[in-house]
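Asker: Next one to model:
(chains A, B, C and D)
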There are 2 protein chains.
Amino acid sequence: MLGSNQERQKVRKNTPVRMKDIAQDLGLSTVTISKVLRGHSDIGDETRKRVLKRMEELHYQPNFAARALITGRSWTVGLVVPDLIHPFYAQIAKAISAEIRGQGYSLIITSSEEDPELERQEIEQLLARRVDVLVIASAQWTVESFRRIEEQRTPYILIDRQFAGLPANFVGVDDEAVGLMGTNHLIEQGCRRIAHIRGPQTSTALGRLEGYKRALAAQGVVPRPELILPIGLSGDDCGEPGGYEATRKLLQTTPQPDGIFCYNDPVAMGAMRAILDAGLRIPEDVAVVGCGNLHYSNFLRVALTSIDQQSAEIGKQAALLALSLVNAKETVRPSVKLLSPELIVRASTLRSKAARPQGKTKRTGQSEAKRTARR
Amino acid sequence: MLGSNQERQKVRKNTPVRMKDIAQDLGLSTVTISKVLRGHSDIGDETRKRVLKRMEELHYQPNFAARALITGRSWTVGLVVPDLIHPFYAQIAKAISAEIRGQGYSLIITSSEEDPELERQEIEQLLARRVDVLVIASAQWTVESFRRIEEQRTPYILIDRQFAGLPANFVGVDDEAVGLMGTNHLIEQGCRRIAHIRGPQTSTALGRLEGYKRALAAQGVVPRPELILPIGLSGDDCGEPGGYEATRKLLQTTPQPDGIFCYNDPVAMGAMRAILDAGLRIPEDVAVVGCGNLHYSNFLRVALTSIDQQSAEIGKQAALLALSLVNAKETVRPSVKLLSPELIVRASTLRSKAARPQGKTKRTGQSEAKRTARR
DNA sequence: TGTGTCTAAGTTATCGTTTACTTTATGCGA
DNA sequence: TCGCATAAAGTAAACGATAACTTAGACACA
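Answerer: Predicted coordinates:
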């Protein structure tokens, strides 16, 4: 049984099995083997069985490089995120990976570290590798590098961050709805002077700001400029420390704000620290809402009310769209998927038993903590 | 200037530039182009310049598939982790990615979801793609699937989790030192009855358990079985909830433990919740030490003392080892890198001002919070 | 002037598949 | 028995790069 196999090994030592080897073993041509592998119909039943059997025996694995060379498809999806460590992007990566796995695709992940120039290089690398489709949460300020992708005819999908005037595939949460939801919740909880700590000049931050303004406008309130503070833009001081600093300033205004809608959870954590340091209570004196619903929000000094951004769903939708794009014969026109955010109410805004959350919201207990990873 | 380029485009529409195109443009052979690209010395200065100029103009990008086919190298590193969302593995992925980027390598990341069978499939996929080297934080119980990798002659590196009796490349923290360090710290803080909530049957959990026992033994204390509790093994209840349950049981023993060394941070978070729920104080009644130093440990209800596992350093070392393996001519004998853990003292163990941390430890303020990611 | 060395190229074969045709064998109806 | 459709294979030529030789010319030196 192993006769011909042993022969092969005499000739080629420690080299992966090729179609040619199986073909010679069975007295067939490589084309026949190739056809069996891809399920062509013009192969006899018996031949097919013999080939499949031999493939199993020899642990045959097709050579992706050879296949990619001739078909022009690499069976690879490229993902570019600003920061792999951020749970939001990690979730997305995981969801994409899970979704495409079954279709024979693998995921090449790169991190741009929020650096537009590095991101451009990474995209070039992925294009050189001829990934079949790109998924990008971009840190760019301009649309220039997307033009390059279009030149190469590689389909791409933007996630999370959108670009005005760029008709591209997009999957992300509706950021204006996020801003509306967070601010409205504070209003419902009885907050009168609601501040906003806003993020950088990205579509996400701008959208949330817009939502914040609209929520106030709906109450007939004109947003006061001194209650809208930005956090720093440089890589390091824009999270918790940025929230801390901004909140310190906010607390110096008179009258003090009694609610803060924060651009994201780290900022909210900084805000809460500043509030507690100032000897104030959360949520009695100042209520705080974050965005992102990081899975440890439940275990903070004060459990943080936050707006969930559906990271897993973003990943899944992006993956499905990606698969449809690689299978499309013609270039299809860009599709935009806006997902609805979800409010998760916790202690940082729950001012009274009377004020129950309403509308599309969700109370939470320990259940979310379940998927806390182990090691 | 663009004459020949336009000609080319007449013939080949929307196809990436090849060496052949540049060669024809310049009246050279493809081999010359190839040599220029790889910096061969047998190319004239002027020719080299002309070629490089044209490459720039045409945005030439070498075809990885073709290159991989003939060289047998894919310029790709495969990474398999149990859970991408876990910051520990995300950190490692990020560090590896950063380290190999400069050498022209890309990273294919897959998650096994702690499922040995899925992990095996992922490894097969990566082998089929002919990754040049594999980095694996394995969820296996047996060494079987590593044999498959060895058959294929693909070098591989285990990280984080080791396998007894398997002589393989390994990079990870010294888990016995982790156990020693955590337990010794509790002893120094004056704890007398120190419990341990242990993890599953992995090398990491067993090593930490061993360190815990040795630290007690060094004090002449015999570890009491009722103070060593395991957390559940199934995917979901092993983190925070597992720590909570285990701690509830521990608090029912008399006399109560006054210090708990926890397998990881989520478990420690569960432990702290149970302690607070029981109306006890941290650290006055019960001190708690975690492992992992998740970057939000600082913002918990009680800031958690934790043992840092050097995830970034593990990633970096693994990457360097990986690069050396792919460049090695012969198979080299396995190398094992054990990194030293680092104790980060926070409120959950700081019982008195008098009891200052000593030895290789580190007090911490806000500085760590710096890299909190934004979105 | 012939030999040898060096430089700067070019030739040819090859990597492992797939694609687009061809060929061969078989059966069946007229 | 011929012709023709159909089934089940096989042939040859790519795909884009690289490895291992080979060649052409310039130059030096005996």
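Asker: I'd guess residue A:288 is in a helix, am I close?
Answerer: No: membership of residue A:288 in a helix is not supported by DSSP: H, G, I helix; E, B strand; the rest coil, which gives strand.
Asker: how many other residues sit next to the closest residue in space to it that isn't next to it in sequence?
Answerer: Leaving out its chain neighbours, the residue that sits closest to residue A:288 by C-beta to C-beta, 6 or more residues apart in numbering or on different chains is residue A:348, at 4.5 Å. All C-beta atoms are positioned from the backbone trio N, CA, C, and that covers glycine. Around residue A:348 sit 26 other residues, with neighbours defined as other C-beta atoms under 10 Å in any protein chain shown.
Asker: wait, residue A:30 sits on residue A:21?
Answerer: No: the pair residue A:30 and residue A:21 does not pass the contact test of C-beta atoms under 8 Å, sitting 9.4 Å apart.
Asker: hang on, the earlier thing: pretty sure the residue nearest to residue A:288 sits in a strand.
Answerer: No: assignment of residue A:348 by three-state DSSP gives coil, placing it outside any strand.
Asker: In the helix or strand hosting residue A:323, which residues are buried?
Answerer: Mapping residue A:323 onto the secondary structure by DSSP states H and E places it in helix A:311-327. Buried residues in helix A:311-327, counted by 16 or more other C-beta atoms under 10 Å in any protein chain shown: A:311-319, A:321-323, A:325-326.
Asker: that older thread, roughly how far apart are the residue nearest to residue A:288 and residue A:280?
Answerer: From residue A:348 across to residue A:280, the span is 12 Å (C-beta to C-beta, to the nearest Å).
Asker: on that earlier part again, please identify the pairing partners of the helix or strand following the helix holding residue A:323 and their relative orientation?
Answerer: As assigned by DSSP H and E, the chain's next helix or strand after helix A:311-327 is strand A:336-339. Partner strands and pairing direction for strand A:336-339 (DSSP bridges) are strand A:169-173 (parallel).
Asker: and the angle for the partner strand with helix A:311-327?
Answerer: Between the direction of strand A:169-173 and that of helix A:311-327, the angle (axes from the mean of the first three to the mean of the last three C-alpha atoms, to 10 degrees) works out to 170 degrees.
Asker: Which parts of the stretch 201-350 of chain A are helices?
Answerer: Remark: helices assigned in the stretch 201-350 of chain A by DSSP state H, counting those that start in this stretch are A:203-218, A:240-252, A:265-277, A:311-327.
Asker: Report the contact partners of the closest residue to residue A:213 other than its chain neighbours.
Answerer: Setting aside the residues directly before and after it, residue A:213 is nearest to residue A:223 in space (C-beta to C-beta, 6+ apart), at 5.1 Å. Each residue near residue A:223 by C-beta atoms under 8 Å, 6 or more residues apart in numbering or on different chains is listed here: A:196, A:212, A:213, A:216, A:217.
Asker: Could you single out the nearest of the residues you listed to residue B:189?
Answerer: Of all those, the one sitting nearest residue B:189 is residue A:196; the distance, using C-beta to C-beta, is 42.7 Å.
Asker: Any chance you could list what contacts the host helix or strand of that closest one?
Answerer: Secondary structure assigned from DSSP H and E places residue A:196 in strand A:194-198. The contact list for strand A:194-198, computed with C-beta under 8 Å, 6+ apart, reads A:183, A:186-187, A:205, A:208-209, A:212, A:216, A:223, A:227-231, A:242-243, A:246-247, A:250, A:257-263, A:267, A:271.
Asker: Report the strands that pair with it, each with its relative direction.
Answerer: Checking strand A:194-198 against DSSP bridges gives partners strand A:228-230 (parallel), strand A:259-262 (parallel).
Asker: Please state the offset of the last one from the chain centre?
Answerer: A distance of 24 Å separates the centroid of the chain from that of strand A:259-262, by C-alpha atoms, centre = their mean, to the nearest Å.
Asker: Could you do the shortest one as well?
Answerer: The chain centre lies 26 Å from the centre of strand A:228-230; the measure is C-alpha atoms, centre = their mean.
Asker: how many other residues sit next to the residue of the stretch 201-350 of chain A at minimum distance from chain B?
Answerer: Closest contact between the stretch 201-350 of chain A and chain B, by C-beta to the nearest C-beta, is at residue A:239 (3.5 Å). By other C-beta under 10 Å, the residues close to residue A:239 number 26.
Asker: just checking, it touches residue A:270?
Answerer: Yes: under the contact definition of C-beta under 8 Å, residue A:239 touches residue A:270, with a separation of 7.0 Å.
Asker: shared neighbours of those two, which are they?
Answerer: What both residue A:239 and residue A:270 touch, as defined by C-beta under 8 Å, 6+ apart, is an empty set.
Asker: Can you give me the neighbour number for residue A:183?
Answerer: Burial of residue A:183, expressed as a neighbour count using other C-beta under 10 Å, amounts to 27.
Asker: Oh, that last question was meant for residue A:345, not what I typed.
Answerer: Residue A:345 has 20 neighbouring residues, counting by other C-beta under 10 Å.
Asker: residues in contact with residue A:82?
Answerer: Contact criterion C-beta under 8 Å, 6+ apart gives A:89, A:111, A:112, A:113, A:114, A:119, A:137, A:138, A:139, B:375 as the residues in contact with residue A:82.
Asker: Would you check the distance separating the strand holding residue A:196 from the middle of the chain?
Answerer: Relative to the mean C-alpha coordinate of its chain, strand A:194-198 is positioned 25 Å out (C-alpha atoms, centre = their mean).
Asker: Distance of residue A:123 relative to chain B?
Answerer: Using C-beta to the nearest C-beta, to the nearest Å, we find residue A:123 at a distance of 11 Å from chain B.
Asker: Can I get the host helix or strand of that residue as PDB, trimmed to CA atoms?
Answerer: Using DSSP H and E, the secondary-structure element containing residue A:123 is helix A:116-128. Included here for helix A:116-128 are C-alpha records, laid out as PDB according to Å, rounded to 0.1, in the frame of the first residue of the first chain:
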ATOM      1  CA  PRO A 116      -1.900  57.800   8.900                       C
ATOM      2  CA  GLU A 117       1.500  57.300   7.300                       C
ATOM      3  CA  LEU A 118       2.000  53.900   8.900                       C
ATOM      4  CA  GLU A 119      -1.500  53.000   7.800                       C
ATOM      5  CA  ARG A 120      -0.600  53.900   4.200                       C
ATOM      6  CA  GLN A 121       2.400  51.700   4.300                       C
ATOM      7  CA  GLU A 122       0.400  48.800   5.700                       C
ATOM      8  CA  ILE A 123      -2.200  49.200   3.000                       C
ATOM      9  CA  GLU A 124       0.600  49.100   0.400                       C
ATOM     10  CA  GLN A 125       1.900  45.900   1.900                       C
ATOM     11  CA  LEU A 126      -1.500  44.300   1.800                       C
ATOM     12  CA  LEU A 127      -2.100  45.400  -1.700                       C
ATOM     13  CA  ALA A 128       1.300  43.900  -2.700                       C
END
